[in-house]
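Enquirer: Please find the sequence and the predicted model below.
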Amino acid sequence: MWKDITGGGSIVFRKNTTIFLQEGLSLVEPIIEVKNLMKTYKKRRTKELVHAVTDVSFTVNRGEILGLLGPNGAGKTTTIKMICGLLIPDSGTITVNGLNNQKKRFDSLRHISAVLEGNRNLYWRLTVRENLEYFAGNRGASRKEVAGKIDDLLEKFRLKDKENELVNRLSRGMQQKLAIAVAMLAESDVILLDEPTLGLDVETGYEVRQLLREIVRDYNRTIIISTHDMDVVQDLCERTVIVNQGKIVTDDRVENLMKLFDIRSYTVTLSGLLSAQQQQLLLQQFPNHVYTPDTVQSKLEVDLAKSEEIYNLFDVLKMEATPVESIDRNTVNFEQIFMQIVKGGTNDAMVKSS
Amino acid sequence: MQWLNLLKANTRKEYIELKRYLPNTIAMIFTFYIIFLGMFFGIQIVGDPSTQDANIQYVIVNYIFWFLAMMIINSVGWQITGEAMRGTLEQLSMSPMGIWKIMMMRLVASTIINFTIIVVLLYSSMLTTGQWLNIDVVSLMPILILTLISMFGLGFIIAGISIILKQVEAFLQILQFILAGLTFVPLTVAPFLAYFPFVKGVDLVRSIMIDGTTLSQIGTGDFLILGFNAVFYLLLGLVFFIYCERFAMKKGLLSHY
């Protein structure tokens, strides 16, 4: 038994589980450990081998919201399904709360629930409450045992007035919320969500994001989100694992990625035009720059590989004493960062402001 | 206790869905009854009058059993196909209870519900024909239970095939006729069929309901065959289903339709 030094009670130290301290002395415990995961499919018609996941390794800490991102066919869903125990990897291991999900499949499934196909994960001819009761029953719980929990969830998910409504009569947003409520009812430590905001309108998408934030805050659940919605990532995720062509290309905190890509993209507003010599120098030193000439007010967009390169820019401007009206740091959104990473850029690469 | 909760949940779901699809349920019962009437009047019109009563009794028992076999064995296949189409099959596979336990409870649940319907149909048939069969519950129950267990095994084999292939509708249609063959053919014609699932059971049920045989008159050998079939086919079904589930998990077929 280890004492929780953060002052919140005590925790049990499990075999095969690493507990370590992170910045600020908060206690971080990996709840999911994915090691060297490989999965290859054979195409039905051509018999061609497709490497869906190649040597993927990452961990997810308890209470963390992790975004699993990647373009279509990158291997996100395959990875998620292997974590859920729905797909057997060719090699590699996944431990959930210290349990190998292949060797102790049913025990590890007690720690995981998922919403894999959104509103399609429900029985449309059952009511909201009946769905919750049925899925709880399939995990071995009686209606009596879960009655109170269902009432709480219906309140929390603002579905109380719809509890006796058939699912096929609910809006897509409500169905999505119900699917998440079903996953919550399992009382698992980890919830996996595949495209939780897909097909939702802006308002419902926002509501779902709020709910997910509350789930982490109030219920201390770990959430893994696979999504194409960069607003979800920017708004919710603490960390992202970006996969492309079956391999991890980035595993970092969203905040770090935002900072890394944010600080080195600038828009310089100039009074007048740059000389031909200045333009030539810019081309040599900043090959990806964008120059928009205007006799009154020209714009120059530059991405800096290193922050010191700003002095090179100043030198170019200084040589003709070009008047500078302003220098603005471009704000990048996560979508731009994602695009840059997936296109093969490194963390040193620059992101242009749109 | 978890098993009981699983059974309760699945029985409730089956019952609710049966109610919600009431026109479908009524149409199914009505179709059953119309086909039965067709057979009944067919025997009356073209059958040999000297054996008419025996033939009608024979038809009632066989037809009822065929209906039960179809309900139990085919329904698992339909259910797997339906769950895959709806997108709920993966959710069931993620239950820590295991999908085979859920399917087992579904089988028990649908048997309980369908059995109730069958009893109603049986009495309707007897009322229509005026042929009253020997409903000796004490003798029928152990035979029925053992016969149903072997049917469950066959149901699991169908479920296993469905979990991999999904589009098994055509096969299930053909299966109906195979099941009809197994229920209607008497064991005297093909004694080896005694080792096929549920054939021996139907034969013994016929013997009780038509000839008035009692439990004590049924030989140990018959019971041994019945018991062997029940255990063998259930185990075979379960092993095959679990193998198919693993195969589907390796190939990523659980969500595909």
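Expert: Yep, it's here.

Enquirer: Quick one: name the residues of chain B near chain A.
Expert: B:1-3, B:5-6, B:8-10, B:12-13, B:16-17, B:20-21, B:86-88, B:90-98, B:102, B:246, B:249-252, B:254-255 (Cβ under 8 Å from any Cβ of the partner chain). Every residue, glycine included, has its C-beta placed from N, CA and C.

Enquirer: Just the ones of those in helices?
Expert: Among these, DSSP state H puts B:2-3, B:5-6, B:8-10, B:12-13, B:16-17, B:20, B:86, B:90-93, B:102, B:246, B:249-251 in helices.

Enquirer: Export stretch B:152-172 to CSV, keeping only CA atoms.
Expert: Taking Å, rounded to 0.1, in the frame of the first residue of the first chain, the C-alpha atoms of stretch B:152-172 are listed here in CSV:
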residue,chain,number,x,y,z
PHE,B,152,-29.4,-24.8,-28.0
GLY,B,153,-26.2,-26.4,-29.2
LEU,B,154,-27.4,-26.3,-32.8
GLY,B,155,-28.4,-22.7,-32.2
PHE,B,156,-24.8,-21.9,-31.1
ILE,B,157,-23.5,-23.5,-34.3
ILE,B,158,-25.8,-21.2,-36.3
ALA,B,159,-24.8,-18.2,-34.2
GLY,B,160,-21.1,-19.0,-34.8
ILE,B,161,-21.6,-19.1,-38.6
SER,B,162,-23.6,-15.9,-38.4
ILE,B,163,-20.9,-14.1,-36.4
ILE,B,164,-18.4,-14.7,-39.2
LEU,B,165,-20.5,-14.6,-42.3
LYS,B,166,-23.4,-12.3,-41.2
GLN,B,167,-25.3,-12.6,-44.4
VAL,B,168,-26.8,-16.0,-43.7
GLU,B,169,-30.4,-15.3,-44.5
ALA,B,170,-30.4,-17.7,-47.5
PHE,B,171,-28.8,-20.4,-45.4
LEU,B,172,-31.4,-19.9,-42.6
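
Enquirer: Give me the average confidence score over that stretch.
Expert: For stretch B:152-172, mean pLDDT rounds to 88.

Enquirer: again with stretch B:195-214
Expert: 89.

Enquirer: Same question for stretch A:101-117.
Expert: Mean predicted lDDT for stretch A:101-117 stands at 91.

Enquirer: Just the buried residues of stretch B:230-239, please?
Expert: Residues of stretch B:230-239 classed as buried under the neighbour-count rule (16 or more other Cβ atoms under 10 Å in any protein chain shown) are B:230, B:233, B:234, B:236, B:237, B:238.

Enquirer: Nearest to chain A among the residues you listed?
Expert: Lowest distance from chain A to these (Cβ to the nearest Cβ) belongs to residue B:238, with 15.6 Å.

Enquirer: buried residues in stretch A:309-319?
Expert: Buried, per 16+ other Cβ under 10 Å, within stretch A:309-319: A:312, A:313, A:316, A:317.

Enquirer: any chance of those residues in CSV, with distance to chain B, secondary structure and pLDDT too?
Expert: Conversion of these to CSV gives the following (distance: Cβ to the nearest Cβ, whole Å; DSSP: H, G, I helix; E, B strand; the rest coil; pLDDT from 0 to 100):
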residue, distance to chain B, secondary structure, pLDDT
A:312, 52, helix, 90
A:313, 51, helix, 91
A:316, 55, helix, 92
A:317, 57, helix, 92
